[in-house]
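Visitor: whatever this is, show me its structure:
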Amino acid sequence: MLTMQFNSNTEIQRYKPPRLRLAVCILLSHLCLATSCLFSIAYADLDIKGVDGQLLDNVLAHLQISQEPCDAPTWRLQQRRRDIHSQIKSALQAYGYYNPDIQRQFTTTEKCWQLDIAIEKGERVLFRDINVELKNNLGNIHPSLQNLITAPPIKSKEPLRHQAYDNYKTSIIDTARAWGYWQANFEKAELAVFPKDLVADVFLILNLGPRYHFGDYTFAETPLNKDLIVRLAKNVYGKPYSSEEIQESYSRLQSSDYFSQVLIQPVVDQSGENLGIPLSVDLSMNSKHSFGAGLGFSTDQGPRIRGDYRNRYFNAAGHKTRLDALWSVKLRQIAGTYTIPREDASEEWYELSGGYTEEETTSYERITLTTSVRAISALKHDWVMNTGLNILNERYIIGSDPIDQKFLIVPGLGFSWSSTDDTVRQTRGLRFETGFTTSNQAWQSDLNYIQAYTRTKAIWAPTHKARFITRLELAGTYMDDFTELPPSVRYFTGGDNSIRGYEYNSVGEINEQGEVIGGGKLAVASVEYDYLFLPNWSASTFFDSGDAFDGEADFKSAWGVGIRWYSPVGALRFDIALPQHSEEKYRLHISVGADL
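Guide: So this is what the prediction gives:
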């Protein structure tokens, strides 16, 4: 091996220009000499017959002579030749071939040496008896460890592979430690090979030892109260140790948005004097303040500007604040939200919010002030429940009706569930929402009504390139006269995310003057087929149908085609829809955002 060491550029630049040129020339000449020497090194070709694939690779890895060049000293080649037989046997035995016939022929010429090897592997040794015993069977060990012991991954009559045996032992110890048995060890670990009988027996006796439990958390100093961080991570003090609990604590802390990095390290005393395992938690805080802004366009709203501000930890108790603003030709909004963590800080919180909205559509105009209080809880199996109270004061005009105003106090209950992949072009996913709201004059609200709604959207991809997107929305109102409802709680449909081919919220009941006045009920369905024809482009065809109505539905339908571009900021959709119940021959829809 030839090694070279030379000065860095900064050192060379200390010379004056003439000496610099000389130094560079000397350096290049040495480099050329070294390169020519390296390329002049020749190695012999080994000819190995009788094995291939992984077995051949293993034989070559064991043969030390394969690394010797043609000009290797004779004494070293002789030393390597003595070990050839034993090295090949070791390589073959690792895969269960204990009775090989190995023939070799070593020759030399003036230029190089040559080694020809012929291998007859012989019959392969098979596993026979797999004996695994748990010495101190406590009867309540975790199923994953129990399954490893009662149903080993290595089976009788399978070919012997030493790596499979070693991996099995390692997996037992690793799984035992993952469930708190940090002193687990094998009192006996034996692989008995009987080459003449072509069988191998496994004998393992596992001593689990005591099970460790969790100790206290130790946290690096942060602006947040320790009590809050413990509630975020979930208090595990005194619980039996398990890696699953640590992973859950990590996920809860990481998803809280307080921290940019989370590291949890168990501090284990394997001497057995202390069975408690403290958890050392290192937390890097996210930036306290966050600002966002963006420009956008959709056919529902036209050009729009949005901005937001977030304070991730308003105080040491972990309260958060958020301010959102949006301006477009048809919609202006500003809203603020104050979030308070509850007892289970990762799964439960309160939201206090207020907002101002101005909106104009072809069907109505409204100015709405809202205040709401919500309690949000994450339930089992990814369900989310929200209960709350919404207070709104809305001033509005629908059609040619005179200006009206309603004050409503609306409690409600809702459930949602969603699951999807995180790719820009989602190939699987389901989102479901349902709930009800109510208003009553008994609590000083202007109207009596009950509303219920259900929304669902699903994505299914039978192949990598093809996918189906379906959507269904149903809602209804129980009251005497839905025309008393203000626009924000009355149902309209039509637009980019509803029935394409119709203007935003332009579909509903029609009054005597021919004006759209919405409805107390809603039914909308859509099915779409999408095909990826380039890495970031797809074409689609779709059919939408629905209506907002009071008595019987008069469904408005449209079909169309579209192009999607999956940009780094999300999917950009261009659709041309042909309505079947409109004076317009076609309508262009442009929208951006996630499919689900």
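Visitor: just name the shakiest helix or strand of the chain by mean pLDDT.
Guide: helix 9-12 (a mean of 33; mean pLDDT, DSSP states H and E).
Visitor: D544 should be in a strand, yeah?
Guide: Yes - secondary structure assignment places D544 in a strand (DSSP: H, G, I helix; E, B strand; the rest coil).
Visitor: show me what it is bridged to.
Guide: With DSSP bridges as the criterion, D544 is bridged to S526, A558.
Visitor: so which strand or helix has Q146?
Guide: Take DSSP states H and E as the rule and Q146 turns out to sit in helix 143-150.
Visitor: what residues does the helix or strand that comes right after that helix touch?
Guide: With elements assigned by DSSP H and E, the helix or strand that comes after helix 143-150 is helix 162-178. With Cβ atoms under 8 Å, 6 or more residues apart in numbering as the test, helix 162-178 has contacts from 93-96, 142, 144-145, 148-149, 152-154, 184-186, 189, 191, 202, 204, 206, 208, 242-244. Where C-beta positions appear, they are placed from N, C-alpha and C, glycine not excepted.
Visitor: now R500. Nearest residue, chain neighbours left out?
Guide: Spatial nearest neighbour of R500, excluding adjacent residues (Cβ to Cβ, 6 or more residues apart in numbering): A577 at 3.8 Å.
Visitor: how much space separates that neighbour from A571?
Guide: In this view, A577 and A571 are 17 Å apart by Cβ to Cβ, to the nearest Å.
Visitor: cool, and L392?
Guide: L392 is 32 Å from A571, where distance means Cβ to Cβ.
Visitor: quick one: low-confidence residue ranges for the protein.
Guide: 1-41, 137-139, 272 (pLDDT under 70).
Visitor: returning to what we had before: so what secondary structure elements neighbour the helix holding Q146?
Guide: Using 3 or more Cβ pairs under 8 Å, 6 or more residues apart in numbering; DSSP states H and E, the elements in contact with helix 143-150 are strand 126-134, helix 162-178.
Visitor: return the set of buried residues in the last one.
Guide: Which is helix 162-178. Of the residues in helix 162-178, A164, Y165, Y168, K169, I172, T175, A176, R177, A178 count as buried by neighbour count, 16 or more other Cβ atoms under 10 Å.
Visitor: also the shortest one?
Guide: In terms of neighbour count (16+ other Cβ under 10 Å), strand 126-134 has its buried residues at L126, F127, R128, I130, V132, L134.
Visitor: residues near V125, how many?
Guide: V125 has 22 neighbouring residues, counting by other Cβ atoms under 10 Å.
Visitor: need phi/psi at it.
Guide: Note on V125: backbone dihedrals following degrees, to the nearest 10 are phi -70, psi 140.
Visitor: for it, what are its contacts?
Guide: Contacts for V125 (Cβ under 8 Å, 6+ apart) come out as G96, Y97, Y98, P159, L160, V193, F194, P195, L198, V199, A200.
Visitor: the second one and R124 touch, don't they?
Guide: Yes - contact between Y97 and R124 holds when scored by Cβ atoms under 8 Å: they sit 5.8 Å apart.
Visitor: for these two, indicate the residue with more neighbours.
Guide: Comparing Y97 with R124 by other Cβ under 10 Å, the one with more neighbours is Y97, at 23 against 15.
Visitor: how far away is the more buried one from V193?
Guide: With distances taken as Cβ to Cβ, Y97 is found 11 Å from V193.
Visitor: now the helices and strands packed on helix 143-150 in CSV, with distance to D47?
Guide: Formatted as CSV, the helices and strands packed on helix 143-150 follow (distance: least, Cβ to Cβ, whole Å):
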stretch, distance to D47
strand 126-134, 30
helix 162-178, 27
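Visitor: for the helix or strand hosting D201, name the packing helices and strands.
Guide: Using DSSP H and E, D201 maps to strand 199-207. Helices and strands touching strand 199-207, by 3+ Cβ pairs under 8 Å, 6+ apart, are strand 126-134, helix 162-178, strand 185-194.
Visitor: buried residues in that strand?
Guide: Buried residues in strand 199-207, counted by 16+ other Cβ under 10 Å: V199, A200, V202, L204, L206, N207.
Visitor: domain-wise, how is this protein divided?
Guide: The record assigns the chain these domain ranges, following automatic domain parsing: 9-40, 46-120, 126-207, 220-285, 377-382+400-592.
Visitor: in JSON lines: those, plus distance to F314.
Guide: Below are the domains of the chain laid out as JSON lines (distance: least, Cβ to Cβ, whole Å):
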{"stretch": "domain 9-40", "distance to F314": "50"}
{"stretch": "domain 46-120", "distance to F314": "59"}
{"stretch": "domain 126-207", "distance to F314": "38"}
{"stretch": "domain 220-285", "distance to F314": "10"}
{"stretch": "domain 377-382+400-592", "distance to F314": "22"}
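Visitor: rewinding a little: the more surrounded of A577 and A571?
Guide: Taking neighbours as other Cβ under 10 Å, A577 and A571 compare with A577 leading, 25 against 18.
Visitor: pretty sure the more buried one sits against K585.
Guide: No - using Cβ under 8 Å, A577 is not in contact with K585, being 10.5 Å away.
Visitor: shared neighbours of these two, which are they?
Guide: In contact with both A577 and K585: no residue, using Cβ under 8 Å, 6+ apart.
Visitor: am I right that I264 is in a strand?
Guide: Yes - counting by three-state DSSP, I264 is part of a strand.
Visitor: show me what contacts it?
Guide: Applying Cβ under 8 Å, 6+ apart to I264 gives the contacts I246, S249, Y250, L253, L279, S280, V281, D282.
Visitor: for E351, which non-adjacent residue is spatially closest?
Guide: Distances taken as Cβ to Cβ, 6+ apart place R374 nearest to E351, at 4.5 Å, with adjacent residues excluded.
Visitor: please tell me how far the one you found sits from D257.
Guide: R374 is 18 Å from D257, by Cβ to Cβ.
Visitor: and these two? Which one has more around it.
Guide: Per other Cβ under 10 Å, whichever of R374 and D257 has more neighbours is R374, with 18 against 12.
Visitor: how about the secondary structure of the more buried one?
Guide: Using three-state DSSP, the structure places R374 in strand.
Visitor: OK, contacts around it?
Guide: Residues near R374 by Cβ under 8 Å, 6+ apart: Y350, E351, S353, N386, T387, G388, L389.
Visitor: run a quick neighbour tally on the fourth one.
Guide: Residue neighbour count, defined by other Cβ under 10 Å, stands at 15 for N386.
Visitor: kindly report the same for the second one.
Guide: Residue crowding around E351 was assessed by other Cβ under 10 Å; the count is 17.
Visitor: so how far is T371 from it?
Guide: E351 is 12 Å from T371, where distance means Cβ to Cβ.
Visitor: could you do the last one as well?
Guide: Spatial separation of L389 from T371 under the definition Cβ to Cβ is 9 Å.
Visitor: the third one too?
Guide: Separation of S353 from T371 (Cβ to Cβ): 7 Å.
Visitor: so for those two, which sits in the more crowded spot?
Guide: Using other Cβ under 10 Å, the more surrounded residue of S353 and T371 is S353, with 18 against 14.
Visitor: so the more buried one sits against I334, correct?
Guide: No - the criterion here is Cβ under 8 Å, and S353 misses it with I334 at 11.3 Å.
Visitor: quick one, helices of the chain?
Guide: In the chain, the helices defined using DSSP state H lie at 9-12, 17-40, 53-62, 74-93, 143-150, 162-178, 226-233, 243-254.
Visitor: can you give me the neighbour number for the residue nearest to H381 when sequence neighbours are not counted?
Guide: Distance criterion Cβ to Cβ, 6+ apart; nearest residue to H381, sequence neighbours excluded, is W417 at 7.7 Å. The tally of other residues near W417 (other Cβ under 10 Å) stands at 15.
Visitor: ok, W417 to W179 distance?
Guide: Shown here: W417 relative to W179, a distance of 31 Å by Cβ to Cβ.
Visitor: for H589, same thing?
Guide: Distance, H589 to W179, using Cβ to Cβ: 54 Å.
Visitor: same check on F186?
Guide: Computed with Cβ to Cβ, the distance linking F186 and W179 is 17 Å.
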